[in-house]
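Q: I would like to see how this sequence folds:
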Amino acid sequence: MSNNRSSLTPTEKIQKLAKYAEMNEETRRQGGESLFTPEERLKMYEESLIVTRGDPKED
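A: The predicted structure follows:
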């Protein structure tokens, strides 16, 4: 990985994304607005794909 944007390992990234998702779901269950905009959720989803499948730009 040449352009590593953060010093988190893939496992740490997944844990961080999972924590955000958990917090977001909890807020929605309590009747609140989602903590994240659709754009932010899409970005997090894309990041989770990169973590699990590898960055397509690195092929």
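Q: got a list of what the most centrally placed residue in the chain touches?
A: For the chain, the residue nearest the mean C-alpha position is residue 44 (3.2 Å; Cα atoms, centre = their mean). Listed by Cβ atoms under 8 Å, 6 or more residues apart in numbering, the contact set of residue 44 reads 17, 20, 21, 36. All C-beta spots, glycine's among them, are computed from the backbone N, C-alpha and C.
Q: Check whether the first one really touches residue 47, as I assumed.
A: Yes - with contact taken as Cβ atoms under 8 Å, residue 17 and residue 47 are classed as touching, separated by 6.7 Å.
Q: Switch the contacts of residue 44 over to CSV; also include distance to residue 8.
A: Formatted as CSV, those follow (distance: Cβ to Cβ, whole Å):
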residue, distance to residue 8
17, 10
20, 13
21, 16
36, 19
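Q: Which ones among these lie within strands?
A: Using DSSP state E, no member of the contacts of residue 44 falls within strands.
Q: in what helix or strand does the residue in the chain sticking out farthest from the centre lie?
A: What lies farthest from the middle of the chain is residue 31; by Cα atoms, centre = their mean that is 22.4 Å. Element membership for residue 31, per DSSP states H and E: none, as it lies in no helix or strand.
Q: go on, residue 13?
A: helix 10-29.
Q: Give the next helix or strand downstream of that helix.
A: Beyond helix 10-29 toward the C-terminal end (DSSP H and E), the next one is helix 38-53.
Q: Please save the CA atoms from that next one in CSV.
A: Extracted in CSV, the C-alpha atoms of helix 38-53 (Å, rounded to 0.1, in the frame of the first residue of the first chain):
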residue,chain,number,x,y,z
PRO,A,38,-26.5,9.2,2.6
GLU,A,39,-23.2,10.4,1.1
GLU,A,40,-21.3,9.7,4.4
ARG,A,41,-22.9,6.2,4.6
LEU,A,42,-21.9,5.5,1.0
LYS,A,43,-18.4,6.6,1.7
MET,A,44,-18.2,4.3,4.7
TYR,A,45,-19.6,1.4,2.7
GLU,A,46,-17.1,2.0,0.0
GLU,A,47,-14.3,2.1,2.5
SER,A,48,-15.5,-1.1,4.0
LEU,A,49,-15.4,-2.7,0.6
ILE,A,50,-11.8,-1.5,0.1
VAL,A,51,-10.8,-2.9,3.4
THR,A,52,-12.4,-6.3,2.7
ARG,A,53,-11.7,-6.7,-1.0
